[in-house]
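# fold the following for me, if possible:
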Amino acid sequence: MNSKQRRPSVLIVGLNYAPEPTGNAPYTTALAEGLLGMGHAVSVVTGYPHYPDWKASKRYRGLRDTEVANGVPVKRVRHTVPRSHRLFPRLLMEITFGLHAAFVRWNTCDVVLVVSPALFGSAFAIAKAALFRTPVVIWVQDLYSRGIEEISGKRGWIWRLVRALESRIMRACDGVTVIHERFRDYVVQDLGVPNSKVAVIPNWTHITPSEKFDREAVRQRFAWASNEIIALHAGNMGMKQGLENVIEAARVADRSSSMVRFVLLGDGNRRRALEEIATGVVRLDFMRPLEDAEYVDALRSADVLLLNEAEGLREMSVPSKLTSYFAVGQPIVAATHPSSAASGELSRSGGGWRVNPGDPEALLQAVERLGTNSLAAEKMGKQGKVYARTLLRETGAVTAHSHWLSNIPGAEPASRQ
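As a prediction, the model looks like this:
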């Protein structure tokens with residue numbers, strides 16, 4: 001595209017957006033604002049904030065709401081919010097969002113970008129875009145059919161149905177953007193999307209640590225003793241995280257009088273159940289979600305950052321928390337399958353150690369080893385930080401998205417006139 005030509009206008013349709021603090025929302029928000037800064041006209045249709053606590057925000061009332069957030073026109077539509085994270089309540093949320101998003105008035109645009117999740121909600125936006133002959137692309141953050149297979153451990157009729165729908169939805173798009181090479185392999189080889197339609201643009205780190213930082217003061221504020229090894233898991237508490245493993249590791253720490261204190265920071269649909277399971281565990285704390293600045297302080301003040309995945313998970317998603325972990329320069333212990341996407345990221349970065357999921361003793365031992373080996377911990381932290389600075393930069397990712405959207409057939413502004 002000639003630099004003097006107008007960049008295509010973009011409508012982003014996605015279930016999650018700011019002020020949601022974690023999950024897909026920070027990426028969708030940063031992309032919208034970044035594209036706006038690069039000269040694209042950008043508008044957003046999104047849901048009401050509800051994640052990660054799975055409760056609709058009381059700030060927004062009625063069926064619809066319109067606002068301008070950091071220069072981006074945002075239309076919000078109401079949808080159901082499931083009490084459980086099972087397939088059908090989640091599907092109902094996506095369908096109600098998708099239908100409502102399709103029936104609101106859209107701003108005129110050259111290309112529609114839908115975000116998955118919500119995959120099934122995206123289908124309605126894709127159908128509406130086709131009706132108006134507007135090019136549409138999908139930004140894939142999770143693979144639904146792969147997730148069902150890995151969580152259930154089988155390929156039943158639900159898996160076959162979801163895989164067929166996932167394939168049909170993606171093949172109906174003019175372009176598909178995925179966040180990892182393994183996602184592209186699956187999308188092309190298993191879902192039948194032409195390779196020429198697929199681009200890989202990794203997610204980026206969306207936090208910027210401040211130069212001024214008093215680690216001891218922060219630890220005192222969180223009541224973390226100076227002689228404790230703080231192992232912090234930050235983010236969503238759902239089925240994919242399998243955090244029962246961390247609770248069991250804390251039980252082992254109790255029995256062995258370990259100096260490791262495990263901290264689960266965040267919220268999610270499994271938090272209440274996890275708190276019940278953890279009753280009586282001394283070497284474990286729960287923390288509510290923090291504002292951005294305090295969140296970064298918490299990551300930087302921990303001795304080890306944890307990533308924990310349920311057994312069987314390999315390729316369904318790339319945990320977004322890794323980008324933040326790398327950015328703050330702290331060592332990571334990841335309980336994940338050796339062939340998982342998360343394991344691959346950890347290996348490439350050199351930012352930490354991997355242990356098998358579902359092995360609480362191994363998790364505790366790895367944390368203890370890193371917590372008492374300052375040289376290894378410092379080396380891993382530095383390597384992770386370099387990885388984030390060189391390969392996980394927001395400006396590079398937004399530029400790649402801008403270039404990709406500008407070259408989707410039919411998305412050129414001249415062709416839409």
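# skipping adjacent residues, who's closest to residue 310 in space?
residue 242 (3.2 Å; CB to CB, 6 or more residues apart in numbering). All C-beta spots, glycine's among them, are computed from the backbone N, C-alpha and C.
# tell me which residues in the worst-scoring helix or strand of the chain on mean pLDDT are buried?
When the helices and strands of the chain are compared on mean pLDDT, DSSP states H and E, helix 144-152 comes out lowest with a mean of 77. The neighbour-count criterion (16 or more other CB atoms under 10 Å) identifies 144, 145, 146, 147, 148, 149, 150, 151 as the buried residues of helix 144-152.
# can you tell me how far the fifth one is from residue 390?
Counting by CB to CB, to the nearest Å, the separation of residue 148 from residue 390 is 35 Å.
# then the third one?
Residue 146 sits at a distance of 28 Å from residue 390 (criterion: CB to CB).
# could you list the low-pLDDT ranges of this structure?
Within the chain, the segments meeting pLDDT under 70 span 1-5, 84-85, 152-153, 313-317, 414-417.
# pull the CA coordinates from stretch 124-140 and hand them back as PDB.
This file holds the C-alpha atoms of stretch 124-140, laid out as PDB (Å, rounded to 0.1, in the frame of the first residue of the first chain):
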ATOM      1  CA  PHE A 124     -22.800 -13.700  13.200                       C
ATOM      2  CA  ALA A 125     -20.400 -10.800  12.600                       C
ATOM      3  CA  ILE A 126     -18.900 -12.700   9.700                       C
ATOM      4  CA  ALA A 127     -22.400 -13.300   8.200                       C
ATOM      5  CA  LYS A 128     -23.300  -9.600   8.500                       C
ATOM      6  CA  ALA A 129     -20.000  -8.500   6.900                       C
ATOM      7  CA  ALA A 130     -20.600 -11.000   4.000                       C
ATOM      8  CA  LEU A 131     -24.100  -9.500   3.500                       C
ATOM      9  CA  PHE A 132     -22.600  -6.100   3.000                       C
ATOM     10  CA  ARG A 133     -19.700  -7.500   1.000                       C
ATOM     11  CA  THR A 134     -17.100  -6.200   3.500                       C
ATOM     12  CA  PRO A 135     -13.900  -8.100   3.900                       C
ATOM     13  CA  VAL A 136     -13.600  -9.900   7.200                       C
ATOM     14  CA  VAL A 137     -10.600 -11.400   9.100                       C
ATOM     15  CA  ILE A 138     -10.500 -13.300  12.300                       C
ATOM     16  CA  TRP A 139      -7.800 -13.000  15.000                       C
ATOM     17  CA  VAL A 140      -7.400 -16.400  16.800                       C
END
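# which parts of it are buried?
Counting neighbours by 16+ other CB under 10 Å, one finds that the buried residues in stretch 124-140 are 124, 125, 126, 128, 129, 134, 135, 136, 137, 138, 139, 140.
# go on, stretch 402-409?
Applying a neighbour-count criterion of 16+ other CB under 10 Å, the buried positions in stretch 402-409 are 402, 404, 405, 406, 408.
# okay, and which of those residues map to strands?
When strands are assigned by DSSP state E, not one member of those lies inside them.
# ends of stretch 136-150, how far apart?
Using CA to CA, to the nearest Å, the span of stretch 136-150 from its first residue to its last is 29 Å.
# cool, stretch 297-311 as well?
End-to-end distance for stretch 297-311, by CA to CA: 30 Å.
# and that stretch, how far from the chain's centre?
Its chain's average C-alpha position is 15 Å from that of stretch 297-311, according to CA atoms, centre = their mean, to the nearest Å.
# and if you look at stretch 156-165?
Centre-to-centre, stretch 156-165 and its host chain are 23 Å apart (CA atoms, centre = their mean).
# with stretch 204-215 instead?
Centre-to-centre, stretch 204-215 and its host chain are 19 Å apart (CA atoms, centre = their mean).
# ranges for the helices of the stretch 301-417 of the chain?
321-328, 341-349, 360-371, 374-391, 394-406 (DSSP state H, counting those that start in this stretch).
# looking at those, which is nearest to residue 196?
Comparing these against residue 196 with CB to CB, the closest turns out to be helix 394-406 (12.5 Å).
# which elements pack onto that closest one?
For helix 394-406, the packing partners by 3 or more CB pairs under 8 Å, 6 or more residues apart in numbering; DSSP states H and E come out as helix 25-37, strand 175-178.
# isn't residue 20 up against residue 51?
Yes. Look at residue 20 against residue 51 with CB atoms under 8 Å: they come within range, at 4.9 Å.
# convert the C-alpha atoms of stretch 10-22 to CSV, please.
Taking only C-alpha atoms (Å, rounded to 0.1, in the frame of the first residue of the first chain), the coordinates of stretch 10-22 have been written out as CSV:
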residue,chain,number,x,y,z
VAL,A,10,-11.3,-1.1,10.8
LEU,A,11,-14.3,-2.3,12.8
ILE,A,12,-13.2,-4.7,15.6
VAL,A,13,-15.9,-7.1,16.9
GLY,A,14,-14.8,-8.8,20.1
LEU,A,15,-16.4,-9.9,23.4
ASN,A,16,-13.6,-8.6,25.6
TYR,A,17,-12.3,-5.0,25.9
ALA,A,18,-11.0,-2.6,28.5
PRO,A,19,-11.5,-2.1,31.4
GLU,A,20,-11.2,-5.8,31.7
PRO,A,21,-7.6,-6.2,33.0
THR,A,22,-6.6,-9.6,31.7
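# centre of the chain to that stretch, how far?
On the basis of CA atoms, centre = their mean, the separation between the geometric centre of stretch 10-22 and that of its chain is 12 Å.
# how about stretch 280-294: buried residues?
Of the residues in stretch 280-294, 281, 283, 284, 285, 287, 289, 290 count as buried by neighbour count, 16+ other CB under 10 Å.
# now secondary structure too, for the buried residues of stretch 124-140, in CSV please.
Listed next are the buried residues of stretch 124-140 as CSV, based on DSSP: H, G, I helix; E, B strand; the rest coil:
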residue, secondary structure
124, helix
125, helix
126, helix
128, helix
129, helix
134, coil
135, coil
136, strand
137, strand
138, strand
139, strand
140, strand
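# tell me the one of those nearest residue 251?
Minimum distance to residue 251 across the buried residues of stretch 124-140 is 37.5 Å, recorded for residue 140 (CB to CB).
# bridging residues for the closest one?
When bridges are assigned using DSSP bridges, the partners listed for residue 140 are residue 116, residue 178.
# got the contact list for it?
With contacts defined as CB atoms under 8 Å, 6 or more residues apart in numbering, the neighbours of residue 140 are 116, 170, 176, 177, 178, 179, 183, 187.
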